[in-house]
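*Asks:* here's my sequence, what's the structure:
(chains A and B)
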Amino acid sequence: MRLHEYLMGRQRRLCFPWTGAAGLSRLGYTLHDVYRDPHKHLRLAKEMDRLLQADFVYPLDYGRIYAEALGLPMLRPDHDFPSVLDHPVRDRETLAQFTVPDPAVSGPMPTYLEALHLIAESSEKPLALSISGPFTLGVLLVGAEAFARAIIKDPLFVEDVLDFTNAVVGRYATAVVAAGARFLCIGEPAAVLLSPERFRILVGERLRAIYDRFPTDVWRVLHICGNTNYLVQEMLACGAEGLSLDQVMDFPTLAPIIPSEVVLIGNLDPVQVLREFDPPAVTEHTLALLRAMRPFPNYLFSFGCDCAYDTPMENLIAAMEAARTPLSDL
Amino acid sequence: MSSESRYHNNGIVNKAGRDASGEVSQQSIILAALADAVVCMDEEASAALSRQALAEGIPAEKALDQGLALGMERAGELFDRGEYFVPEVVVCADALYAGLEVLRPALLKVTRPKGRVVIGVVAGDTHDIGKNLVAMMLNAAGFEIHDLGRNVPTHLFISQALDVDADIVALSALVTTTMQNMPLVINQLREASVDRYRYVIVGGAPVSQSFADRIGADGYAENAPAAVRLARRLIDREARP
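*Replies:* Take a look at the predicted model:
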């Protein structure tokens, strides 16, 4: 069953929240407590499921897991996601020093995969998660500015980097699917650097190759942050059956050009609405979005991007409660 | 003039100026070719034309302002129109710097900067491509840049702004979880900067005009060319009491 078929015939919208690290404080965990302990990870997933009653279960995002497995220097805040501090790939020689991580043994991958397995086994709901895409990993390895420069000055080096990152992502994606992921979102935030033509060559074709390796019952989703209006056609062409888009995108305007078999996913504002407002205002904004998207059956309610770790839980609960409003009451 | 014909052949419209008699002067041809070299991302031509400009007696400041920097401005316009993207802008900046390296020794007097900008990515955030583009384009537009890098502690923005007497503090964040550090910088800067008003501008993928308004920033820029326009507007504005 494809994702858009899974959404059909419901009395209400299905909901999937990108809650980021927002649930950690409920359990008194740091991010790294959860990353290191699959049972704490399961407990967090269950607690978020109990509180938010989403239509999917999900782990704590680990967008930099490849970077950790590859041994890149990282910034590791206790309550926010890690990020890369240095970009060690300068040329083909430094690229050649890296090998494709084996998810069964490399860095934090096996522990995370065990957590995915536990979460998937614990629930009847589909397991949803996000992983970073090959282009974004390339940017992490080389650095955004250097990679942007190489796209023009040394395109063969860029191809080499992307061949490597495609192998990393492809291998890991296969492992997370084997661990139970049913809804697999590939995030390519760095792709907003590119023109549509370059996106097609450097991102779209490579994503399609990864998506094509998934079993047919795994839902292929693509997320890119920011204003992607100029990239939407290319995003549609890469084989994703769900597009998760940022809060800056105008969904009611965009929805008519999205094919009915592609699901549009988003895009309540995680900062201005979810972090800043109070629960009644969050409810109001959620209902306004749902009403605006009422004509489009291929819509899945979600947030535009990850929440900040200090997003009030009562706001998340308010959004999810409002999102479960029957379509007939909207 | 080989450079001019070269860029005509590449389909770039050469904006060569004319002197008072209506004739295209050699100087204006060189200046226009310098600008074109930047727009065409041609580092070699940028350096060669900069040498030629000096040989022809064009003041280095003029070659910079009316040649290289003008080219960067045109690259920004192409970016605004969706004809250029980040890779092109980065390589245009490389071409600008190739010419600037030639001109630098000849910049006899220190040209007065249009303004001093302290720029950085806020604490917790290591994504710096947007900040780098803004810094490059502001620099090309004549601003003095003090680039603090990424994951910059809040206090460092304040101390550096006071140390260099910055006119503008430019803050960047690329993720929703770190943009919350922007108001901390603004509030601390307002408290610490008692002698004069310093503008704060913000940008980055998750940042919006409404967010900028809410946190008390003086401006929001959607992209690097917009940041240059914003910085110019603020500097041109009469100093606040």
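
*Asks:* so how far is B:Cys92 from B:Arg74?
*Replies:* As defined by CB to CB, to the nearest Å, B:Arg74 lies at a distance of 9 Å from B:Cys92. Backbone N, C-alpha and C define where each C-beta goes, glycine included.

*Asks:* wait, what's in contact with the residue in chain B that chain A sits nearest to?
*Replies:* Per CB to the nearest CB, the residue of chain B with the smallest distance to chain A is B:Ile129, at 3.4 Å. For B:Ile129, the contact set (CB atoms under 8 Å, 6 or more residues apart in numbering or on different chains) comprises A:Val139, A:Ala144, A:Glu145, A:Ala148, A:Leu193, B:Val86.

*Asks:* select from those residues every entry located in helices.
*Replies:* Judged by DSSP state H, helices contain the following of the contacts of B:Ile129: A:Val139, A:Ala144, A:Glu145, A:Ala148, B:Val86.

*Asks:* which regions of chain B sit below the pLDDT cut-off?
*Replies:* When residues are selected by pLDDT under 70, those of chain B lie in B:1-23, B:108-111, B:238-241.

*Asks:* got the domain ranges for chain B?
*Replies:* B:2-106, B:116-236 (automatic domain parsing).

*Asks:* deepest in the core, which of those domains is it.
*Replies:* Comparing the domains of chain B by mean neighbour count (mean count of other CB atoms under 10 Å in any protein chain shown), domain B:116-236 ranks first with a mean of 21.

*Asks:* distance from that domain to the middle of the chain?
*Replies:* 13 Å (CA atoms, centre = their mean, to the nearest Å).

*Asks:* do the same with stretch A:292-307
*Replies:* 15 Å.

*Asks:* how about stretch A:317-328?
*Replies:* Its chain's C-alpha centre and that of stretch A:317-328 lie 22 Å apart, by CA atoms, centre = their mean.

*Asks:* hmm, who's touching stretch A:7-18?
*Replies:* Against stretch A:7-18 from outside (CB under 8 Å, 6+ apart): A:6, A:52, A:54-56, A:58, A:61, A:128, A:130, A:183, A:244, A:263, A:265, A:270, A:290, A:293, A:297-303, A:305-307, A:316, A:319-320, A:323-328.

*Asks:* restrict that stretch to CA atoms and write it as PDB.
*Replies:* The C-alpha trace of stretch A:7-18 is given here as PDB (Å, rounded to 0.1, in the frame of the first residue of the first chain):
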ATOM      1  CA  LEU A   7      -4.300   8.100   4.100                       C
ATOM      2  CA  MET A   8      -7.500   7.500   2.200                       C
ATOM      3  CA  GLY A   9     -10.900   6.900   3.600                       C
ATOM      4  CA  ARG A  10     -10.100   8.300   7.000                       C
ATOM      5  CA  GLN A  11     -12.600  10.300   9.100                       C
ATOM      6  CA  ARG A  12      -9.800  12.700  10.200                       C
ATOM      7  CA  ARG A  13      -6.300  13.700   9.100                       C
ATOM      8  CA  LEU A  14      -3.400  11.400  10.000                       C
ATOM      9  CA  CYS A  15      -0.700  13.200  12.000                       C
ATOM     10  CA  PHE A  16       3.000  12.900  12.200                       C
ATOM     11  CA  PRO A  17       4.900  15.400  14.400                       C
ATOM     12  CA  TRP A  18       8.600  16.300  14.000                       C
END
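
*Asks:* may I see the buried residues of that stretch?
*Replies:* By 16 or more other CB atoms under 10 Å in any protein chain shown, the buried positions in stretch A:7-18 come out as A:Leu7, A:Arg12, A:Arg13, A:Leu14, A:Cys15, A:Phe16, A:Pro17, A:Trp18.

*Asks:* now do stretch A:83-100
*Replies:* A:Ser83, A:Val84, A:His87, A:Pro88, A:Val89, A:Leu95, A:Phe98, A:Val100.

*Asks:* could you do stretch A:204-220 as well?
*Replies:* For stretch A:204-220, by 16+ other CB under 10 Å, it's A:Gly204, A:Arg206, A:Leu207, A:Ile210, A:Tyr211, A:Phe214, A:Val218, A:Trp219, A:Arg220.

*Asks:* so which of the residues you listed belong to helices?
*Replies:* Per DSSP H, these map to helices at A:Arg206, A:Leu207, A:Ile210, A:Tyr211.

*Asks:* quick one: the helices in the stretch 1-150 of chain A?
*Replies:* Ranges of helices within the stretch 1-150 of chain A are A:3-7, A:24-27, A:31-36, A:38-52, A:65-69, A:92-96, A:109-122, A:134-142, A:144-153, based on DSSP state H, counting those that start in this stretch.
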